[in-house]
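Peer 1: The amino acid sequence is not available; the structure is as follows:
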């Protein structure tokens with residue numbers, strides 16, 4: 001690729017993913033990624049701190065979710081506000097194929113899987129104050145976020161596998177499955 005070509009960050013991300021798939025994360029160097037993207041190694045560091053960040057860079061999702069929760073109808077429950085926010089996240093996600101490939105690379109490397117969990121925790125930390133501003137007590141806010149993220153973990157692989165579905169539909173389906181699973185009979189009093 002010529003050096004003057006636009007979208008250097010995207011080229012680095014695509015090149016890194018390709019190299020991670022073909023030769024593994026550990027055996028891929030920053031210099032190889034930059035070269036495959038048609039850039040110099042120093043250009044890589046303009047966009048990413050290290051090679052892990054190629055898969056985790058940016059706060060777009062976090063910023064989007066916080067903005068969606070803050071803009072949500074005040075009549076929605078906190079869970080409904082979060083489910084709605086996550087249901088709109090597909091608007092900022094990369095193409096499904098990229099996310100599927102990225103997921104396989106992350107699953108194959110324990111350090112990347114750990115970084116994925118850290119990124120998810122960062123998103124949860126950012127969402128808690130947004131719920132608190134809606135009047136939710138801090139401990140309850142974190143509990144609600146954890147429940148909704150569990151629903152998201154159920155819906156996301158389905159969304160990736162079902163191109164005709166929307167994330168919002170699959171979030172609603174997973175939420176219904178959770179409601180069904182936790183419906184307990186009332187205790188009998190003797």
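Peer 2: Here it is on my side, so go on. Keep in mind the model is a prediction, meaning the values are calculated, not measured.
Peer 1: And the protein, split by domain according to the record?
Peer 2: Domains of the chain are assigned by automatic domain parsing as 1-55, 59-182.
Peer 1: for residue 31, what are its contacts?
Peer 2: Taking CB atoms under 8 Å, 6 or more residues apart in numbering as the criterion, residue 31 is in contact with residue 41. Just so you know, the C-beta spots here come from the backbone N, C-alpha and C atoms, and that holds for glycine as well.
Peer 1: follow-up on the earlier one: export the domains of the chain as a markdown table, with columns for distance to residue 188 and mean pLDDT.
Peer 2: Shown next, in a markdown table, are the domains of the chain (distance: least, CB to CB, whole Å; pLDDT from 0 to 100):
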| stretch | distance to residue 188 | mean pLDDT |
| --- | --- | --- |
| domain 1-55 | 52 | 91 |
| domain 59-182 | 19 | 93 |
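Peer 1: now for these, which one comes closest to residue 190?
Peer 2: domain 59-182 (24.3 Å; CB to CB).
Peer 1: unless I'm mixing things up, residue 78 is touching residue 144, no?
Peer 2: Yes. The criterion here is CB atoms under 8 Å, and residue 78 meets it with residue 144 at 5.0 Å.
Peer 1: Touching both of those two, which residues are there?
Peer 2: 131, 136.
Peer 1: and the two? which has more neighbours close in?
Peer 2: Neighbours were counted for residue 78 and for residue 144 using other CB atoms under 10 Å; residue 78 has more, 23 against 19.
Peer 1: Now do the more buried one against residue 131, distance only.
Peer 2: 5 Å (CB to CB, to the nearest Å).
Peer 1: intersection of neighbour lists for those two?
Peer 2: 141, 144.
Peer 1: What number of residues are in the vicinity of residue 60?
Peer 2: Using other CB under 10 Å as the criterion, the residues surrounding residue 60 number 12.
Peer 1: With adjacent residues omitted, what lies nearest to it?
Peer 2: residue 92 (5.3 Å; CB to CB, 6 or more residues apart in numbering).
Peer 1: residue contacts, the one you found?
Peer 2: Listed by CB under 8 Å, 6+ apart, the contact set of residue 92 reads 60-61, 64.
Peer 1: ok, these vs residue 84, which is closest?
Peer 2: Nearest member of those to residue 84, counting by CB to CB, is residue 64, at 12.0 Å.
Peer 1: that older thread, quick check: phi and psi on the residue nearest to residue 60?
Peer 2: phi -110, psi -10 (degrees, to the nearest 10).
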